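Peer 1: Sequence below, structure please.
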Amino acid sequence: MPAFVVLPFIDFEREHPKEAALIASHKTPWVPDTGVPHAVVGLTIKQDMTLLRAWREYLGLTQAEVADKAGITQSALSQMESGESKLRKATRVKLATAMGLIAEQLA
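Peer 2: Numbers count the residues shown, from 1 in each chain. As a prediction, this is how the structure comes out:
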């Protein structure tokens, strides 16, 4: 008798919809300095968000909150989140600090 079975989540979801919904709704707590959570990566890939916006939304912060903590305007943050321009290193450090991250997590 096998000890484990590995299958695509979509197949698990079809066979066990209640359990799959529970798993999908679970938000794993983020621990500082441990990389980028799967949920953040998912937002960047599935919803084509910039890493900056994905982190902000994952952390439940508004643009106004992050902009205020970083010492920039909300409209400037909005432009940065749109991906119109690449973040300068100093700006990335300010934004990371404002969200409790390290700059490399926004790179």
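Peer 1: Give me the helices and strands touching the helix or strand where residue 56 lies, please.
Peer 2: Residue 56 belongs to helix 51-58 when assigned by DSSP states H and E. Contacts defined by 3 or more Cβ pairs under 8 Å, 6 or more residues apart in numbering; DSSP states H and E place helix 51-58 against helix 38-46, helix 74-82, helix 89-99. Where C-beta positions appear, they are placed from N, C-alpha and C, glycine not excepted.
Peer 1: Can you point out the buried residues in the lowest-mean-pLDDT helix or strand in the chain?
Peer 2: The weakest-scoring helix or strand in the chain, judged by mean pLDDT, DSSP states H and E, is helix 17-25 (a mean of 83). For helix 17-25, the buried set under the neighbour-count rule, 16 or more other Cβ atoms under 10 Å, comprises residue 20.
Peer 1: now stretch 89-100
Peer 2: Residues of stretch 89-100 classed as buried by neighbour count (16+ other Cβ under 10 Å): 91, 92, 93, 94, 95, 96, 98, 99.
Peer 1: Distance to residue 1 added to those residues, as TSV?
Peer 2: Shown next, in TSV, are those (distance: Cβ to Cβ, whole Å):
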residue	distance to residue 1
91	56
92	52
93	54
94	56
95	52
96	49
98	53
99	48
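Peer 1: Relative to the whole chain's centre, how far out is the helix holding residue 56?
Peer 2: From the chain centre to the centre of helix 51-58 is a distance of 4 Å (Cα atoms, centre = their mean, to the nearest Å).
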